[in-house]
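Peer 1: structure for this input, please:
(one chain, ligands or ions: 2)
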Amino acid sequence: MRVAVLGAAGRMGSTVCQAVDAAADLELVARVDVGDDLAVVGEAGADVAVDFTVPSVTEANVHTLLDLGVHAVVGTTGWDDEALLRVRRHLDRADGIGVLVAPNFALGAVLAMAFAARAARWFESVEVVELHHPDKVDAPSGTARHTAEGIARARRAAGLGPVPDATTQQLDGARGAVVDGIHVHAVRLRGLVAHEAILLGNPGEQLTIRHDSFDRTSFMPGVLHAVRSIGARPGLTVGLEHLLDLG
Ligand SMILES: NC(=O)c1ccc[n+]([C@@H]2O[C@H](COP(=O)([O-])OP(=O)(O)OC[C@H]3O[C@@H](n4cnc5c(N)ncnc54)[C@H](O)[C@@H]3O)[C@@H](O)[C@H]2O)c1
Ligand SMILES: O=C(O)C1=N[C@H](C(=O)O)CCC1
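Peer 2: Ligands and ions are numbered 1, 2, ... in the order given. Predicted coordinates:
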C-alpha cells in the first residue's frame, strides 16, 4: 500500500514516516509539508494520505485529497461539526473513498474514552483534564472534546440532567471550557507529551480514568491500523473506536 504523509516534517508526521518506512507492507511515496503542492500525492500514486498538519489547513487538505481520489487518515485536531459535514457532503461525490478523522490514535486513549462514556451515567459529576506539551496550538485537545462529547451523549441517553455547579462568581476561564455541558481543563507543561484524566464524582467517592502517552510511538499502531483499514471504509468515520472491536 502506497502512503503519503502530510505534515511530514512535524512531530507526528515525522514519526509516521518512520513507522511507514518500517512496515513491510507499506511504502512511503510522498512526504508533504508547508509549501509543497498536494498534487505530488496523486503523482506519486498514493493510495492513502495521513494528515498530521495544523487545524487551520487540515480540512482543505482533505478536500484536495478527495479530489485526487486518495483515502485520508486524519489525526489533525480542531475539527467542528460544520467542517465534518462539508467533508461528508464532498464524500457523497467521491465514490468509494474513505476518510477517518481521529483525535487520538493511542489504543489506551481510545479505551479511556470508551470507559468514561460507559461510566458516565453512574456519576453526578464529571470533568475532563487534558495535559500536553506547551508547543500544542489548540486547546482543549481534540481528545478531550471527543471524550466530553461521548460522556454527554451517554448522560443524555440515561436521562441525566446537567452536572451540578453552583458557580456564580469566577475569574474568566476559571471553570475551563464547556463541551456539551462538560467542563474541560487544559494544562500545558514542558516535559509532557499527551495525557488525559476523566474525573467522575459521587458523594463519598471519585473514579479517575487516566491515559498517558509518554512518546509519540504510542499513536503509531493505531495510525498504521487505520492506513490498512480505511480502503474498506468508504465515507466519513470519526474516531478510531469504529475501527476496533472494543466489545
Ligand atoms: N490523532 C492523534 O492521535 C494525534 C496525536 C498527536 C497530535 N495530533 C494532532 O496532530 C496535529 C499535529 O501535531 P504535531 O505535534 O505533529 O504538530 P507539528 O506542528 O509538530 O506538525 C505540524 C506539521 O504540519 C506542517 N504544515 C503546516 N501547514 C501545512 C500544510 N498546509 N501542508 C502540509 N504541512 C503543513 C507544519 O510545517 C508541521 O511540520 C495537531 O492538530 C495535533 O493535535 C493528533
Ligand atoms: O500533541 C498533540 O497535539 C496531541 N493532540 C491530540 C489531541 O489534540 O487530542 C492527541 C493527543 C496529542
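Peer 1: when you work out contacts or count neighbours from here on, use the C-alpha atoms and nothing else.
Peer 2: Noted.
Peer 1: list of residues touching stretch 131-143?
Peer 2: 55, 77-79, 103-104, 130, 177, 184-196 (CA atoms under 8 Å, 6 or more residues apart in numbering).
Peer 1: could you rerun that using 7 Å?
Peer 2: Under the contact criterion CA atoms under 7 Å, 6 or more residues apart in numbering, stretch 131-143 has outside partners 77-78, 103-104, 130, 186-196.
Peer 1: which positions in the chain make contact with ligand 1?
Peer 2: For the chain, the residues in contact with ligand 1 (CA under 6 Å from any ligand atom) are 6-13, 32-34, 52-55, 57, 75-77, 102-105, 219.
Peer 1: which of those residues fall within strands?
Peer 2: Those of the residues of the chain next to ligand 1 mapping onto strands are 6, 32, per DSSP state E.
Peer 1: among the residues of the chain next to ligand 1, which ones are in helices?
Peer 2: In helices, judged by DSSP state H, the following of those are found: 11-13.
Peer 1: could I get those as CSV with pLDDT and neighbour count?
Peer 2: Formatted as CSV, those follow (pLDDT from 0 to 100; neighbours: other CA atoms under 10 Å):
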residue, pLDDT, neighbour count
Arg11, 98, 12
Met12, 98, 22
Gly13, 98, 22
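Peer 1: what comes up buried for the strand or helix carrying Thr15?
Peer 2: For Thr15, the enclosing helix or strand under DSSP states H and E is helix 11-22. Using 16 or more other CA atoms under 10 Å as the test for burial, helix 11-22 gives 12-17, 19-20.
Peer 1: which of those residues sits closest to ligand 2?
Peer 2: Comparing the buried residues of helix 11-22 against ligand 2 with CA to the nearest ligand atom places Met12 closest, at 7.9 Å.
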